[in-house]
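**Q** Kindly return the folded structure for what I paste below:
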Amino acid sequence: MDLLYEIWGSVMRNKMRTLATGIAVASGLFLLIVLQGAGNGIIHTFDRNRGGFSFDAIHVWGGWTSRAYDGMERGRRIVLDNRAEDMVNLRFPAETKGVTSIISQSGLTVSYGTEYLASVELEGIHPRYADMASLKIVRGRMIHDLDVAERRKVILLSEKREKELSPRGKSLLNEYLLLDGKYFLVVGLYEDDQMSSQTTLYTPYTTVQTLYGRGTAIDELMISGKGLDTEQKNELFETRLRQGLGKIHTFHPEDQSAVWIWNQARDNEQMNRASSILQISLWILGMLTLISGVVGVSNIMLISVKERTREFGIRKALGATPWNIIRMIIFESIVITGTFGYVGMFAGVAFCSYMDASVGNRTLDIGVDKLQYFVDPTVDISTCLWATLVMIVSGAVAGFFPAHKASSVKPIEALRA
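**A** Okay, the predicted model is just below:
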């Protein structure tokens, strides 16, 4: 108790010095927590907006040849067909979990009664598409193999589009919609992902081929990769895939423009790497801020000890031991850093909560898509407590060295100061 009275008396005698120390401590923790909160908002934005994607998916589209090959001129349009899916199944059983053909027909109009939607897209898919593209069926069923084999006119509709076509809340499951002059049966409804405008309707790819005279042509080949966990494996797979497609569609196996390949696994790895770099950078900035606070505490404690040299000499002359002096200075440093550290911590948490309430979890409408940004810009309470504890311990260490120096001064030299 006497020690606390001594510390309180020292603080009251040096209010400006104590306030300067406290500001250095509080601002360091405040900036660390705010930086972490803002960084988490950016990282959570990446995670939220890519949450509906399957990151082992590889998308392949036909392009235009950029070099002559086998007597054919450059600039030919490469149109993928059903042979591409068969080739992947035969040549890459160890590298793939599944493959599906996709065919799109855009600019259609769908109606139910007096309600209608214009400029919708009909996408022909395979039953495996749901797992490969993270398409979640919430009511009804997914398209199955019999639908594909019999080229049935069945569709999947998003929940959002169901509400627009049926504003009175009637379920459209097992109802017929008029799509481009043809009746389709709604067999399932899928979950909105909060990103897309969800104008897409899904039907068997064989149905689109038949109704729109597409023959065996497909617009996209979607592959679910397996074991492609390194950059080298992905590059080798893409090279072999391009070679296999080149044999089917007669283009040079090294022609990068003949087919376009989007490997989401590689993009996911790059995004994870970018997130890690951002987190590390924010921690480095935060630690530098903490260090500046610790340096401020050290300097102020050094000045404090120098100003009180005569006081320490008197204490030692009256019988105070070196440990008494060291303990007093260290405890004073701990009290100051602890008090103002928690002030900075609560201020940082409050500011992060303000950011979350004012600008967090907003939606940006970019026309065809809706993107959420600055998602949950907050910091876990354990991170705040650990940062505060580090600051308090650093404050104690910062006070130890000038305290040790002060305790080693002889009383007669201290009294002459």
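**Q** Would you map the strands across the stretch 1-150 of the chain?
**A** With DSSP state E, counting those that start in this stretch applied, the stretch 1-150 of the chain shows strands at 57-62, 96-112, 115-125, 137-140, listed in chain order.
**Q** Of all the residues in the first one, which ones are buried?
**A** Same thing as strand 57-62. 57-58, 60-62 (16 or more other CB atoms under 10 Å). For the C-beta atoms, the positions are set from N, CA and C on the backbone; glycine is no exception.
**Q** Would you mind giving the residues you listed as a markdown table with pLDDT added?
**A** Shown next, in a markdown table, are the buried residues of strand 57-62 (pLDDT from 0 to 100):
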| residue | pLDDT |
| --- | --- |
| Ala57 | 84 |
| Ile58 | 89 |
| Val60 | 94 |
| Trp61 | 94 |
| Gly62 | 93 |
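**Q** Distance to Thr289 for these - can I get that in TSV?
**A** Shown next, in TSV, are those (distance: CB to CB, whole Å):
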residue	distance to Thr289
Ala57	41
Ile58	43
Val60	47
Trp61	47
Gly62	53
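**Q** name the element Tyr202 belongs to?
**A** strand 200-204 (DSSP states H and E).
**Q** Quick one: residues in contact with that strand.
**A** 110, 120-126, 129, 135, 143, 147-148, 151-158, 161, 179, 184, 190 (CB atoms under 8 Å, 6 or more residues apart in numbering).
**Q** With just CA atoms, put that strand into CSV.
**A** Extracted in CSV, the C-alpha atoms of strand 200-204 (Å, rounded to 0.1, in the frame of the first residue of the first chain):
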residue,chain,number,x,y,z
THR,A,200,-29.0,-17.4,-64.6
LEU,A,201,-31.3,-20.4,-65.1
TYR,A,202,-29.8,-23.9,-65.2
THR,A,203,-30.9,-26.8,-67.4
PRO,A,204,-29.2,-29.9,-68.8
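**Q** What segments of the stretch 151-300 of the chain are strands?
**A** 154-158, 176-179, 182-190, 200-204, 220-225, 259-263.
**Q** quick one, which of those strands is nearest to Asn14?
**A** With CB to CB as the measure, strand 259-263 is the member of the strands of the stretch 151-300 of the chain nearest Asn14 (63.2 Å).
**Q** how about that closest one: buried residues?
**A** The neighbour-count criterion (16+ other CB under 10 Å) identifies 259, 261, 263 as the buried residues of strand 259-263.
**Q** Ok, stretch 15-25 next?
**A** 17-18, 20-25.
**Q** Next one: Ile155 relative to Tyr202, how far apart?
**A** Distance check for Ile155 against Tyr202: by CB to CB, to the nearest Å, it reads 6 Å.
**Q** I meant Glu95, not that one.
**A** Distance from Glu95 to Tyr202, by CB to CB: 26 Å.
**Q** between the two, which one's more packed in?
**A** Taking neighbours as other CB atoms under 10 Å, Glu95 and Tyr202 compare with Tyr202 leading, 25 against 20.
**Q** Setting aside sequence neighbours, what's the nearest residue to the more buried one?
**A** Nearest residue to Tyr202 in three dimensions, chain neighbours excluded: Leu156, at 4.0 Å (CB to CB, 6 or more residues apart in numbering).
**Q** Repeat that for Thr378.
**A** Distances taken as CB to CB, 6+ apart place Cys352 nearest to Thr378, at 4.9 Å, with adjacent residues excluded.
**Q** which secondary structure element contains the one you found?
**A** In this assignment (DSSP H and E), Cys352 forms part of helix 322-358.
**Q** quick one: that helix to chain centroid distance?
**A** Its chain's average C-alpha position is 31 Å from that of helix 322-358, according to CA atoms, centre = their mean, to the nearest Å.
**Q** Span of stretch 151-168 from start to end?
**A** One end of stretch 151-168 sits 32 Å from the other (CA to CA, to the nearest Å).
**Q** Likewise for stretch 107-116?
**A** 13 Å.
**Q** Give me the contact list for that stretch.
**A** Against stretch 107-116 from outside (CB under 8 Å, 6+ apart): 117-122, 164-167, 172, 175, 177-180, 201.
**Q** do that again at 6 Å, thanks
**A** For stretch 107-116, the external contacting residues (CB atoms under 6 Å, 6 or more residues apart in numbering) are 117-120, 122, 165, 177-180.
**Q** for stretch 334-348, same thing?
**A** By CB under 6 Å, 6+ apart, stretch 334-348 touches 7, 21-22, 25-26, 29-30, 33-34, 384, 388, 391-392, 395-396.
**Q** Mind listing what's buried along stretch 145-154?
**A** Neighbour counts over stretch 145-154 (16+ other CB under 10 Å) mark 147-148, 151-154 as buried.
**Q** Looking at those, which two lie furthest apart in space?
**A** Val148 and Lys153 (12.3 Å).
**Q** Number of residues surrounding the closest residue to Pro402 other than its chain neighbours?
**A** Spatial nearest neighbour of Pro402, chain neighbours left out: Val305 (4.1 Å); criterion: CB to CB, 6+ apart. When neighbours are counted by other CB under 10 Å, Val305 registers 22.
**Q** just checking, what packs against the helix or strand harbouring Val305?
**A** According to DSSP H and E, Val305 maps onto helix 264-307. If you count contacts as 3 or more CB pairs under 6 Å, 6 or more residues apart in numbering; DSSP states H and E, helix 264-307 packs onto helix 15-49, helix 381-407.
**Q** tilt between it and strand 220-225?
**A** 60 degrees (axes from the mean of the first three to the mean of the last three CA atoms, to 10 degrees).
**Q** and the next element down the chain from helix 264-307?
**A** With secondary structure assigned by DSSP H and E, helix 264-307 is succeeded by helix 309-317.
**Q** Can you give me the buried ones in that following helix?
**A** Under 16+ other CB under 10 Å, the buried positions of helix 309-317 are 309, 312-313, 315-316.
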